[in-house]
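S.K.: sequence? don't have it. structure:
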């Protein structure tokens, strides 16, 4: 007899099905593809099948065996596809530099002469077990944690233990730290401006409140690109701000505002400020108007009343707003890319560089995974907080 | 009922673990005006929703006009529903609202126009046909809702607290209007309300609901004069509940001793047994101040408050530790607080109620 | 108290200035006759608007933006509205509540991360460098706005209106067509506007998924700022800002009249 209720649920599921399917295929699947690219490493295993079998019994310390060398040369001879060879070289070179010349030399020798080739005579690097380790690691598995480790500046050493990367070898930690600091700076700036602003807006009514809210909403509705372009134009050395400063005689030459941290922080604060103001404002207008007079009637000085009543109540809006701003700031790309200098690029820019510039999908995927996880964790906290508030309301 | 038009048979409805209606049996005759009365959460609105088809019973069967309807979707039940908030379509004009059911039934346009005009004239809204619902007053919206629910000549009209949002004066006017429509059009009306005076004024029969069950069903006067349970006695009108112990029963009249030792006689006490405890309902307006031998029951009480109500006085008294309310007219000689008085009432005014 | 009021006034005005001034400051530059984006403006002309609407790359990018924007609007509005209809119950089952979270997730996931994934996946199925691919990518990020807007309106609709329609003889599909959708129209319209605006403004996914033939206005602005800034940017920004204000006014107005009508 529960049929009607069940059918209501079924109707709902039928209605959400098209969009769900669409998002699974074009939203979830791309993200999964990206994550897979972070851990997938199929090139060497595909290019060097015989070597993979030959290194299976090797202890990774002793000198390379003859079987390994023979298998390796056979595999090299098998590769007809220049693309595959190029990918292989890139893969091996990323594990140990020197492979680029070594592989080119070896392939030339292997294709010029038939029969066995003395690899060590060809290049004495082939006697070094560390090159064979790189080959062995790459060939024996098509999944890898190399990119994930590299994303946080770690690597596996010869014995397979995880160690820190040399300080000059990678800068990912620096970039993550920078991303974190910049996002935090923007969040703090947004709180410092947004909290008082929201309080002022909530304390006003009529056209004054409309004006303040409109000032928040207009930028929110305006294209991000337009806002960034506006700041680009204003912040240039010959821009309005610098010419105003020079006219006023406050500075003799242009103050560098663009292609540096200051410019990025200013522009990002402008872009993200509405996400701080609106949650605080919506909490504040939910507070009964007579609360402050009530506190005053109980003998609290206005300043006391503010600290003891209004501020704690608005804190929840501040937390929601901060999470929103911080979360959005972490993944920012356009503003730092256009207004920042080389030293102001955040993690998104690095991901974009790996993906479009270096075609290193493994690293792009691994850093993407880091950013995605950070964002989703923050979002989960945000959802948790807002559902708690709903439950309480 | 020999030939009921609507029949509910062992109908139950639960939402999850919560049972809202439990094993309900109810028969409604053609042309009857029945009110479902009860506090909120008593299940009366759920029954209306099940009659209309917005909810399906968890178990049991509903019949209308000889057909079983409980699995029929709402749009095939041919029942007019008037909602508490009127539920007028805000994006349509008054005449579009009223024309809606006829359009759904595929009537020719000219006929629709004619009948809409007639229906709006019936509720005196002909001049407002092209207005939007939001431009009407509450009472006008209510009349549009009525016209819309009646225009397709439904077999049954279901009303869910339709007058709840109106002010007192308008509500009383609408009560008369609806009663008049009921009589003129010979409608079958199921009327849900929590307002007992509304139910008493309008209905042929009242079903009193409590916790998903019918507590008592009958004519308004039966229910008022002869409430079967304590709940009904208290829910309909005002009453004094007096506890006592049955001593003897002679010729249908019981002698009941109150806790303080005073004795009252109770008529029509057929199913009482000696030495049983009993709960009596005595309506405040049935109690008179002053000793009357002819009345049969005379008890002593102390007045502790006199409240002026314009058309009557209410005396709050205490007798043998039990509080009593007495409604009396203003011609009563002045009574002062603390005074001892005699209260009299007939044995037939004492009505035994089940707890 | 006066000090407080004064500081409120100063702080409020300063922040309003900070929020609005950059957008206003860029407007006059659209009419400069110089090739530099500087104040003072030496002379006024409409040459950059002419450039915007006649120069090959700009014209092409405007047309692309319109094609992709319209495609995204239609796809996102249809998918989002139907999806929202399935989520309108206030008490959602766990499965539906999870689905609702999934529907809103594209708003949260960083665009670059999504872009990398889309480029990898779209390349595999031949969707990169196609209009369809860009429309799909834009729809993914635009659809949450439609869901949010339509859902807000749907949840405001009194269920009794639909019950009334059913009791008056309307079959479920008729109820949807005659009552639910007309009442949800304001939400659907604002959802569609948001979807179009999202598509118009989208840069990052476009960078990853689109080819040179699908270069949109936003993408063109991005590379113009990056490579060779010209006042055409100010002209494009002018069009954007005026368009935004117009849309805001229209939406506000339609909401206002809606309220007057109930």
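M.R.: Structure received. Note that the structure is a prediction, hence the values are computed from the model and not measured.
S.K.: what residue ranges in the chain score low on pLDDT?
M.R.: By default, I'm working from chain A. Residue ranges of chain A with pLDDT under 70: A:1-6, A:158-159, A:167-170, A:389-393.
S.K.: correction: the question concerned chain B.
M.R.: Looking at chain B by pLDDT under 70, you get B:1-2, B:269-270, B:332-333.
S.K.: remind me, longest helix of it?
M.R.: In chain B, assigned by DSSP state H, the helix with the most residues is helix B:168-185.
S.K.: and that one, what does it pack against?
M.R.: helix B:138-150, helix B:196-202 (3 or more CB pairs under 8 Å, 6 or more residues apart in numbering or on different chains; DSSP states H and E). The C-beta positions use only the backbone N, C-alpha and C, and glycine is treated the same way.
S.K.: same for the next helix or strand after the longest one, what does it pack against?
M.R.: Right, the one you point to is helix B:138-150. Downstream of helix B:138-150, the first helix or strand assigned by DSSP states H and E is strand B:156-160. Judged by 3+ CB pairs under 8 Å, 6+ apart, the packing partners of strand B:156-160 are helix B:44-52, strand B:79-82, strand B:189-193.
S.K.: among the ones you listed, which is nearest chain A?
M.R.: Distance to chain A, taken as CB to the nearest CB, is lowest for helix B:44-52 among the helices and strands packed on strand B:156-160, at 11.0 Å.
S.K.: neighbouring contacts of the helix or strand just after the closest one?
M.R.: Once helix B:44-52 ends, the next helix or strand along the chain (criterion: DSSP H and E) is strand B:59-64. The contact list for strand B:59-64 (CB atoms under 8 Å, 6 or more residues apart in numbering or on different chains) reads A:1, B:5-12, B:23-24, B:50-51, B:68-70, B:77, B:79, B:155-156.
S.K.: pull the residues that contact the helix or strand that residue A:93 is a member of.
M.R.: Residue A:93 belongs to helix A:82-95 when elements are defined using DSSP H and E. Here helix A:82-95 makes contact (CB under 8 Å, 6+ apart) with A:41, A:43-44, A:46-48, A:79, A:99-100, A:103-104, A:107, A:134-135, A:137-138, A:146, A:360.
S.K.: repeat for stretch B:232-239
M.R.: Outside stretch B:232-239, the residues touching it (CB under 8 Å, 6+ apart) are B:37-39, B:196, B:200, B:206, B:208, B:210, B:215-216, B:223-224, B:227, B:241, B:281-284, B:325, B:327, B:351, B:353.
S.K.: now stretch A:320-330
M.R.: Contacts of stretch A:320-330 (CB under 8 Å, 6+ apart): A:179-180, A:182-184, A:186-187, A:190-191, A:194, A:268, A:272, A:275-280, A:283, A:346-347, A:371, A:374-375, A:378-379, A:381-382, A:385-386, C:108, C:110.
S.K.: and that stretch, how far out from the chain's middle?
M.R.: In terms of CA atoms, centre = their mean, to the nearest Å, the centre of stretch A:320-330 is found 14 Å from the chain centre.
S.K.: for residue C:109, helix, strand, or coil?
M.R.: The three-state assignment at residue C:109 reads coil, by DSSP: H, G, I helix; E, B strand; the rest coil.
S.K.: on that earlier part again, need the helices and strands packed on helix B:168-185 in TSV with mean neighbour count and distance to chain A, can you?
M.R.: Output for those, formatted as TSV (neighbours: other CB atoms under 10 Å in any protein chain shown; distance: least, CB to the nearest CB, whole Å):
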stretch	mean neighbour count	distance to chain A
helix B:138-150	23	24
helix B:196-202	19	30
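S.K.: which strands or helices does the helix or strand containing residue A:138 pack on?
M.R.: Using DSSP H and E, residue A:138 maps to helix A:129-140. Applying 3+ CB pairs under 8 Å, 6+ apart, we find helix A:129-140 packed against helix A:42-47, helix A:49-54, helix A:82-95, helix A:99-112.
S.K.: so which bits of the first one are buried?
M.R.: Buried residues in helix A:42-47, counted by 16 or more other CB atoms under 10 Å in any protein chain shown: A:43-45, A:47.
S.K.: same check on stretch B:316-330?
M.R.: So, applying 16+ other CB under 10 Å, buried residues of stretch B:316-330: B:317, B:319-320, B:322, B:324-326, B:328.
S.K.: most widely separated two among those residues?
M.R.: Across the buried residues of stretch B:316-330, the longest distance by CB to CB is 20.5 Å; it joins B:320 and B:328.
S.K.: and the helices and strands packed on strand B:156-160, which is most packed in?
M.R.: strand B:79-82 (a mean of 26; mean count of other CB atoms under 10 Å in any protein chain shown).
S.K.: each with direction, which strands does that one pair with?
M.R.: strand B:156-160 (parallel) (DSSP bridges).
S.K.: now the angle from the partner strand to strand B:189-193?
M.R.: 10 degrees (axes from the mean of the first three to the mean of the last three CA atoms, to 10 degrees).
S.K.: what angle do strand B:59-64 and strand B:156-160 make with each other?
M.R.: Interaxial angle, strand B:156-160 versus strand B:59-64 (the same axes, to 10 degrees): 120 degrees.
S.K.: thinking again about what came up before, what subset of the contacts of helix A:82-95 is buried?
M.R.: By neighbour count, with 16+ other CB under 10 Å, the contacts of helix A:82-95 hold A:41, A:43-44, A:47-48, A:79, A:99, A:103, A:107, A:134-135, A:137-138, A:146, A:360 as buried.
S.K.: most widely separated two among the residues you listed?
M.R.: Pairwise over the buried ones among the contacts of helix A:82-95, using CB to CB, the maximum falls at A:107 and A:146, 23.6 Å.
S.K.: who's in contact with the longest helix of chain B?
M.R.: B:33, B:138-139, B:142-143, B:146, B:150, B:159, B:162-163, B:166, B:187, B:189, B:198, B:201-202.
S.K.: just the closest of those residues to residue A:295, please.
M.R.: residue B:138 (39.3 Å).
S.K.: residue contacts, the closest one?
M.R.: Residue B:138 is in contact with B:165-167, B:170, counting by CB under 8 Å, 6+ apart.
S.K.: by neighbour count, which of these wins?
M.R.: With neighbours defined as other CB atoms under 10 Å in any protein chain shown, the most crowded of these is residue B:166; it has 18 neighbours.
S.K.: I'd say it and residue B:140 touch.
M.R.: No: Residue B:166 is not in contact with residue B:140 according to CB atoms under 8 Å; the separation is 10.8 Å.
S.K.: give me the phi and psi for residue B:304.
M.R.: phi -120, psi -10 (degrees, to the nearest 10).
S.K.: what's the neighbour count on it?
M.R.: Residues near residue B:304, counting by other CB under 10 Å, number 13.
S.K.: three-state assignment of residue B:316?
M.R.: Going by three-state DSSP: residue B:316 is strand.
S.K.: how many residues are close by whichever residue of the stretch 101-250 of chain B sits closest to chain C?
M.R.: The stretch 101-250 of chain B approaches chain C most closely through residue B:134 (2.8 Å), counting by CB to the nearest CB. By the criterion of other CB under 10 Å, residue B:134 has 12 neighbours.
S.K.: swap in the one 3 residues further on?
M.R.: The number of residues packed around residue B:137, counting by other CB under 10 Å, is 11.
S.K.: which bits of the stretch 1-150 of chain B sit near chain C?
M.R.: The stretch 1-150 of chain B has residues B:52-54, B:73-75, B:77-81, B:83, B:85, B:87-91, B:100-101, B:104-105, B:132-135, B:148-149 near chain C, with proximity defined as CB under 8 Å from any CB of the partner chain.
S.K.: can you map out the helices along chain B?
M.R.: B:44-52, B:94-104, B:109-122, B:138-150, B:168-185, B:196-202, B:220-225, B:230-235.
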